[in-house]
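*Asks:* here is a sequence together with a model predicted from it:
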Amino acid sequence: MLPKLALSLTGFLPLYLVMIFMYSYVYLCIEQSKNIKNYILCTITIVLIIQFICIIIVNKYIKSKESLRITENEIIFSNIKEDKKAHMDYMMTYLLPLLTFDIDKVDIFYIVYTNIFIIIFVLLNAKSENLNINILLWFKGYSVYTGINNEGEEKVLLIKKKRFYNIRAKHDKYRFVSFGGSNDIYLCKRYIE
């Protein structure tokens, strides 16, 4: 459960970076009471600490999945295609609506309310297993693909770009492991002979 929650939290890293920028702007440039500035500083610190811890957890989780010796699933996917609109759908559906930040109305209630709302959204995102779009996966070279398994079901595949060309060219049997505890998202492992 902890890796799933960490994946969900780091999936919202772009939103948190925008929030930190906006809170910093309010803190530095807009005249506010000392109490509100303390809440802003506390919020920024808590968000940074939580994100840093989650980044460490996610990196260890991805590394453990990539180097796992025993595969949970050994599947050949056919009709593998890159899901080019996945990132845009994610930004427009999940992140953009949460950017309703009004700089003129920053007060203690607004800070608490916004963060509680985002935490609830992160928890719902983790529960729905929407973990395939994550900026850390992108930095590690993973892209989102879809493929058809042996039972004819379409699944989400997280594959490093350079590995995808090997899969298409050689039709090699790569090992995929379920990712984030989901039966719909699979991470492409190293090919182990």
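*Replies:* Looks like it came in fine.

*Asks:* flag the shaky bits of this structure, pLDDT-wise.
*Replies:* Across the chain, the ranges flagged by pLDDT under 70 are 1, 68-76, 86-104, 129-132, 161-175, 190-193.

*Asks:* check which helices and strands the top helix by length along it sits against.
*Replies:* With residue count as the measure and DSSP state H as the assignment, the chain has helix 34-66 as its longest helix. Contact here means 3 or more CB pairs under 8 Å, 6 or more residues apart in numbering; DSSP states H and E; on that basis helix 34-66 packs against helix 2-11, helix 13-29, helix 108-127, helix 135-139, strand 185-188. In this view, the C-beta of every residue, glycine as well, is placed from N, C-alpha and C.

*Asks:* which residue, other than its chain neighbours, is closest to residue 145?
*Replies:* Among residues not flanking residue 145 along the chain, residue 157 sits closest, at 4.3 Å (CB to CB, 6 or more residues apart in numbering).

*Asks:* just to check, residue 189 is in contact with residue 179?
*Replies:* No. If you go by CB atoms under 8 Å, residue 189 and residue 179 don't touch, sitting 10.4 Å apart.

*Asks:* so these two - more neighbours on which side?
*Replies:* Set residue 189 next to residue 179 and count neighbours by other CB atoms under 10 Å: residue 179 wins out with 27 against 18.

*Asks:* ok, now how distant is the more buried one from residue 110?
*Replies:* Distance, residue 179 to residue 110, by CB to CB, to the nearest Å: 36 Å.
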